[in-house]
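Q: Below is the sequence, then the predicted model.
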Amino acid sequence: MIYMNARHSHCINSIAIIFAAVSILCVRQAAYAQPFNKAKDLNFWNDGRNVTGIRTDSTTISYAEIHGGFKSGDFHDSYESSDLVHAGATAATMLHLPKYSMTGSFSFDQSRGKNMCGSMFIYPGYYPVDVLEFTPGTKILQKYSFSGGIASDLNEHWRIGGKMDFESDDYAKRKDIRHTNYRLDMTVAPGIMYYNDNLEVGFSYIYAKTSESIDAEQIGTATASSYYAFLDKGLMYGTYGVWDGSGIHLAEAGVDRFPVKEISNGAAVQIQVGGLYADAEYLYTKGTIGEKGYTWYEFPGDKVTARAGYRFDAYGAVHQVRLKFSWQRQTNNESVIEKVTEGGVTTPYNYGSNRIFERRIITLEPDYRMYGKIWESHLGLCYSYTQGLSSLMYPYEALQNVSKYSANGSIIMHVGRFDLGASASFFTGHLDEDASTASETSGVETQPYRLEEYYDLQKEYMTATRAGVGISVRYNPGWKAVQGLYGEISGSLMHGFGLDHISGSVRYGSVIKIGYSF
């Protein structure tokens, strides 16, 4: 976290030294398909929530990698940077022994973006509220993640196991309004499996906890009224005012930050018969914003996810057909809180809540993959539908419907020690909105405030038609001393069409990787 910056700086410097030392190799090498990712993708159980499924495979493989790259261009969302650089390291393994199997990974990534403002959250859009600030400045994001899982055979028909995934993020902006974010995300999923010949049936429990806090402050000599913020309560309706005002909650008396917490509980079932796999999971989530009696918002929700896949061999290659479906519903209730001060002590009283926002999201993703000796290919489609209903101020309501369509494809050709990759993608969307009043005789004439400028940017980026291409080259030198060494360089280009509000139509970037697979 930020208070550990000395250790983090040492880690970053060490990575930079290693990266610089091996960068010379990149002049002469570049990229073949990551064997670890291929081995992971070939087992459908790795996409689900039951770690005991790793025992259905026997491939032991590991890799370690450092990477660095950049993204540039003005075709981006309102909270992103037009000039971003990033670097990091990743290591992962799958190990199979006679009676048990293990899987694990670790990664670190740091990104630095210039002239950033807008959303103050690390993952904008994840929560039903957002906080925006409007002073462009440099933001630094550090991500640490690790996962670990183990599965063991109890006897000839039963297996048990468990897995934990953990991510810690630090996010900081050093220009007023400056802010520091801390985010923790943890998921624990114990599981059990019954297996017999070509049949595997599994069950797993899922517990997840996510928390994030925004600690905002002003150090400059300008008055507090010089800086404004906006609390988005859904569809860009909300409260606009000075950043430390009571309606924004960044500097609320009694709460020293903007805290968000979400806890999820659920279960999943899995079944595989030969090459056919299917699973389904359900999660109930409950989130809160605020603390110490000041619970400003509560946002419960439900999420259902189902996956199916079929694997078969034909024409000297392995083929996979996949289908993923997800449905999510989430509501946001704003509390009615009164502060009562007696004897110099302020006590908050909660008198109930009003539902101010609701959203439903449906996603359907068919997918095809082929792994051959010379060619590897992938084709994916995605359709998503999001419906959002804002009822921030009675009797006014706004109903938004967003449909998104995307397609992407990639191919890798193995040519000697080289793997040459190419990809293409296409996306388009459609948005319509209907504003209405629930009552014509309410007598309320003041409509809820909407941040129109940012809403226009958000709508356009959400639905703008775009097309992208990418290329990659990986080279495996095949040296006897380091058989798994590889180097990779890749580049990407995205172009948006029909833009009215976004300042640019192009986004491009490049990544260099040096790694070792074993």
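A: Nice, I can see it. Numbers count the residues shown, from 1 in each chain.

Q: could you pull out the helices for this protein?
A: When assigned using DSSP state H, the helices of the chain occupy the ranges 5-26, 35-41, 452-463.

Q: What about residue 43, how many residues nearby?
A: If you count neighbours by other CB atoms under 10 Å, residue 43 ends up with 20. Where you see a C-beta, it was placed from the backbone N, CA and C, and this is true even at glycine.

Q: Give the closest residue to it in space, chain neighbours not counted.
A: residue 57 (4.6 Å; CB to CB, 6 or more residues apart in numbering).

Q: Provide a list of residues in contact with the one you found.
A: 39, 42, 43, 45, 94, 96 (CB atoms under 8 Å, 6 or more residues apart in numbering).

Q: and what of residue 126?
A: Residue 126 neighbours (CB under 8 Å, 6+ apart): none.

Q: now swap in the one 4 residues further on and tell me
A: By CB under 8 Å, 6+ apart, the contact set of residue 130 is 119, 120, 121, 124, 231, 232.

Q: distance of the last one from residue 243?
A: Okay, so that is residue 232. 14 Å (CB to CB, to the nearest Å).

Q: and if you look at the second one?
A: Here residue 120 is placed at a distance of 10 Å from residue 243 (CB to CB).

Q: what residues do these two have in common as contacts?
A: Here residue 120 and residue 243 share the contacting residues 133, 216, scored by CB under 8 Å, 6+ apart.

Q: Which of the helices of the chain has the lowest mean pLDDT?
A: Set side by side, the helices of the chain give their lowest mean pLDDT on helix 5-26, at a mean of 38.

Q: With adjacent residues omitted, what lies nearest to residue 300?
A: residue 286 (5.0 Å).

Q: ok, back up a step: if you rank the contacts of residue 57 by neighbours, which is first?
A: residue 45 (24 neighbours).

Q: Surely that residue is in contact with residue 101?
A: No - here residue 45 does not reach residue 101: they are 11.0 Å apart, not a contact under CB atoms under 8 Å.

Q: what residues are shared contacts of those two?
A: residue 54.

Q: For residue 79, see how far away the closest residue to residue 287 other than its chain neighbours is.
A: Using CB to CB, 6+ apart and skipping residues adjacent in sequence, the residue nearest residue 287 is residue 262, 3.7 Å away. Distance, residue 262 to residue 79, by CB to CB: 20 Å.

Q: same deal with residue 360?
A: From residue 360 to residue 79 the distance is 24 Å (CB to CB).

Q: pLDDT weak spots in the protein?
A: Within the chain, the stretches with pLDDT under 70 are 1-33, 222-225, 439-444.

Q: these two touch, right, residue 82 and residue 116?
A: No - Residue 82 lies out of contact with residue 116 (CB under 8 Å); the separation is 9.1 Å.

Q: Between the two, which is the more surrounded one?
A: Higher neighbour count among residue 82 and residue 116: residue 116, with 24 against 17, using other CB under 10 Å.

Q: re the thing from before, of residue 360 and residue 79, which one has the most company?
A: residue 79 (21 against 16).

Q: Please name the bridge partners of the closest residue to that one other than its chain neighbours.
A: Spatial nearest neighbour of residue 79, excluding adjacent residues (CB to CB, 6+ apart): residue 118 at 3.5 Å. On the basis of DSSP bridges, residue 118 is bridged to residue 133.

Q: who's in contact with the residue lying closest to residue 229 once chain neighbours are set aside?
A: Distance criterion CB to CB, 6+ apart; nearest residue to residue 229, sequence neighbours excluded, is residue 243 at 4.1 Å. By CB under 8 Å, 6+ apart, the residues touching residue 243 are 133, 177, 216, 218, 224, 227, 228, 229, 250, 251.

Q: doesn't residue 265 make contact with residue 303?
A: No - Residue 303 is beyond contact range of residue 265, at 11.3 Å (criterion: CB under 8 Å).

Q: Mutual contacts of these two, please.
A: residue 283.

Q: Who has more neighbours out of the two?
A: Neighbour count, other CB under 10 Å: between residue 303 and residue 265, residue 303 has more, with 17 against 14.

Q: That one pairs with what?
A: residue 283, residue 328.

Q: Ok, residue 362 next?
A: Beta-bridge partners, per DSSP bridges, of residue 362: residue 327, residue 385.

Q: My read is that it contacts residue 382, right?
A: No - between residue 362 and residue 382 there is no contact under CB under 8 Å: 11.4 Å.

Q: for the residue nearest to the spatial centre of the chain, what are its contacts?
A: Centroid check for the chain by CA atoms, centre = their mean gives residue 123 as the closest residue, at 6.6 Å. Residue 123 makes contacts with residue 183, as judged by CB under 8 Å, 6+ apart.

Q: now residue 242: how far from residue 181?
A: Counting by CB to CB - residue 242 and residue 181 are separated by 21 Å.

Q: Would you mind telling me which of those two has more residues around it?
A: Neighbours were counted for residue 242 and for residue 181 using other CB under 10 Å; residue 181 has more, 23 against 18.

Q: tell me the contacts of the more buried one?
A: 120, 121, 122, 169, 170, 171, 172, 212, 213, 214, 215.

Q: what is it paired to in the beta sheet?
A: residue 171, residue 214.

Q: how near is it to residue 362?
A: 30 Å.

Q: which residues touch the closest residue to residue 196 other than its chain neighbours?
A: The shortest distance from residue 196 to any non-neighbouring residue, by CB to CB, 6+ apart, is to residue 157 (5.8 Å). Listed by CB under 8 Å, 6+ apart, the contact partners of residue 157 are 194, 195, 196.

Q: Can you go through these and name the buried ones?
A: The neighbour count (16 or more other CB atoms under 10 Å) marks residue 195 as buried among those.
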